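Q: fold the following for me, if possible:
(one chain, ligands or ions: 2)
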Amino acid sequence: MIERTLSIIKPDATLRNITGEINSLIEAAGFRIIAQKKLILTLDQAKKFYDVHVTKPFYNDLCEYLSSEPVVVQVLEKENAIEEYRQLMGATNPANAVEGTIRKSYAISIGQNSVHGSDAVETAAKEISFFFSEVEIVG
Ligand code: DAT
Ligand code: MG
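A: Ligands and ions are numbered 1, 2, ... in the order given. Presented below is the predicted three-dimensional model:
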């Protein structure tokens, strides 16, 4: 089934000017980037986006990090996009990421791990609508 997933190229990657390199990996893996924009999140927006992690000890650091510098948010479309993008991203901790994944290639640490991807159909729909209206998505 053709799916859509929400991807974020995080501050560590935008700061190092590797958005294009990451987009090349995304496109080479067969995803279509059907919406994309660069923005700086407010702390409140980052907290809302990551509210599922509110009880975690790393929540405050995570939200401050995500709102510290520009991010590129994008909608990716592909067969089985949600699971396949998780595979292309690699493990949350780059020390555990498989060769050839985005996080293995680019992540600095478990926190500064270069990319976000939705983890389920419901969260993908919620996260896409957090950033994009229907007219901004060109599938
Ligand atoms: P993922 O981004 O792979 O979906 P997650 O949803 O469990 O991982 O966590 C969201 C982000 O929070 C993750 O990309 C980086 C940060 N994070 C997760 N676990 C962490 C930890 N143990 N220490 C510091 N930051 C962590
Ligand atoms: Mg997650």
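Q: phi first, then psi, for Asn80.
A: The phi and psi values for Asn80, taken as degrees, to the nearest 10, are phi 60, psi 40.
Q: ok, now which ones touch it?
A: Shown in contact with Asn80 (Cβ atoms under 8 Å, 6 or more residues apart in numbering): 1, 3. Every residue, glycine included, has its C-beta placed from N, CA and C.
Q: begin at 789 from here
A: OK, 789 is where the count begins now, so the last one is Asn868.
Q: how near is it to Asp907?
A: Applying Cβ to Cβ, to the nearest Å, the value for Asn868 to Asp907 is 14 Å.
Q: how about Leu850?
A: For Leu850, the distance to Asp907 - Cβ to Cβ - is 15 Å.
Q: ok, Gly878 next?
A: 14 Å.
Q: likewise Phe919?
A: When Phe919 is compared with Asp907 (using Cβ to Cβ), they lie 16 Å apart.
Q: for the two, work out which one has more neighbours and name it.
A: Shown here are Phe919 and Asp907; by other Cβ atoms under 10 Å, Phe919 has more neighbours (20 against 15).
Q: what's the neighbour count on the closest residue to that one other than its chain neighbours?
A: Spatial nearest neighbour of Phe919, chain neighbours left out: Val861 (4.7 Å); criterion: Cβ to Cβ, 6 or more residues apart in numbering. Here the number of neighbours of Val861 (other Cβ under 10 Å) works out to 21.
Q: now swap in Ser856 and tell me
A: The burial count for Ser856: 16, using other Cβ under 10 Å.
Q: what residues are up against it?
A: Counting by Cβ under 8 Å, 6+ apart, Ser856 makes contact with Pro799.
Q: how about it, secondary structure?
A: Following DSSP: H, G, I helix; E, B strand; the rest coil, we place Ser856 in the coil state.
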